[in-house]
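Asker: Below: sequence and its predicted model.
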Amino acid sequence: MIRVEGVHHSYDDHPVLHGIDLTLTESRVGIIGANGSGKSTLARMLNGLVIPERGRVLVDGLDTRKHGHRIRQRVGFVFPDADTQIIMPTVAEDVAIGLSGRGLSKADVARRTTDILARYGLAAHHDRPAHLLSGGQKQMLALAAVLVTEPEILICDEPTTLLDLRNVTLVVETLKALPQQVILLTHHLDILHDFDRVLVIDEGRLAFDGAPSEAVDHYRALVSAGGTAPGRNTPR
Ligand code: ADP
């Protein structure tokens, strides 16, 4: 379970999150909001990639400020651009690297790698250079490389933003079938219709927290009212 308690954050004196309190227990949680509203900063806090300036984030009672490494073993993170996540030359190596340092035998690592590549439709690409994969395949590889580590929670920061419709569908169906708790940041609002809970972040504040359709309505209303995020055209 993730708890966010009284979290404030600034970058170089520029405040980006103001007093966020959350307990995330639902299996499928969406996070929406304008560019620059603070979603990614919040998401990165959930596995300790960003430490809040004030307040704290707890994962199963562990504070991200002290237990970043253990928390990242429980909470996987998928970035918007798979190219930034793929670090090894070949597809199989990129998955296997996530299993290093776990005391597994070479044979075990090879078996788990082969299994997960098969599960996510990448078996035929096992020994291919990862950079030669298509955009959709790269995002599936990024996902497989995180899932092979068997996290309990998966944070996905706009994993479909750079994909075409077919690959959006593939990634979304994959995420929806996972046993893990999934926390998904997205601008593809229709993806969220069957989520348990959707948060709307607006200018670093939790503007709405509830059912998907109401959250999307709330977000649309914010935007049509001129919005409160960068690009807004009405004075406050
Ligand atoms: P979102 O995910 O909603 O687009 P972000 O959390 O990425 O929002 O960004 C919120 C604000 O913080 C933006 O103004 C962004 O430019 C700024 N920001 C994000 N990351 C950094 C960083 N590492 N250093 C400085 N400013 C940042």
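Answerer: It's in. Numbering: from 1, shown residues only.
Asker: How about stretch 18-26 and the ligand, any contact?
Answerer: No: judged by Cβ under 6 Å from any ligand atom, stretch 18-26 and the ligand are separated, with a smallest distance of 11.7 Å. Placement of C-beta: from N, CA and C, glycine included.
Asker: what pLDDT, on average, does that stretch get?
Answerer: Stretch 18-26 shows a mean pLDDT of 97.
Asker: going forward can the numbers begin at 2, since that is how I track them
Answerer: From this message on, residue numbering opens at 2, which makes the last subject stretch 19-27.
Asker: gap between that stretch and the chain center?
Answerer: Distance of stretch 19-27 from the chain centroid (Cα atoms, centre = their mean, to the nearest Å) equals 15 Å.
Asker: Can you list the neighbours in contact with it?
Answerer: 2-9, 43, 47, 56, 182, 184, 196-198, 200, 204-207, 210 (Cβ atoms under 8 Å, 6 or more residues apart in numbering).
Asker: Just the buried subset of the residues you listed, please.
Answerer: Among the contacts of stretch 19-27, those scoring as buried are 3-5, 8, 43, 47, 56, 182, 184, 196-198, 200, 204-205, 207 (criterion: 16 or more other Cβ atoms under 10 Å).
Asker: The most centrally placed residue in the chain: what's its closest spatial neighbour, skipping adjacent residues?
Answerer: For the chain, the residue nearest the mean C-alpha position is residue 157 (1.8 Å; Cα atoms, centre = their mean). Ranked by Cβ to Cβ, 6 or more residues apart in numbering and with sequence neighbours excluded, the top spatial neighbour of residue 157 is residue 79, at 4.4 Å.
Asker: Pull the contacting residues for that neighbour.
Answerer: Contacts of residue 79 by Cβ under 8 Å, 6+ apart are 86, 140, 143-144, 147, 155-158, 160.
Asker: How about residue 158?
Answerer: By Cβ under 8 Å, 6+ apart, the neighbours of residue 158 are 40-41, 44-45, 78-81, 186.
Asker: so can I have TSV of the residues you listed showing distance to the ligand, pLDDT and secondary structure?
Answerer: Listed next are the contacts of residue 158 as TSV, based on distance: Cβ to the nearest ligand atom, whole Å; pLDDT from 0 to 100; DSSP: H, G, I helix; E, B strand; the rest coil:
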residue	distance to the ligand	pLDDT	secondary structure
40	4	97	helix
41	3	97	helix
44	7	98	helix
45	8	97	helix
78	13	96	strand
79	14	95	strand
80	12	93	coil
81	9	89	coil
186	7	97	strand
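Asker: Could you tell me the per-residue confidence at residue 213?
Answerer: Value listed for residue 213 in the pLDDT field: 98.
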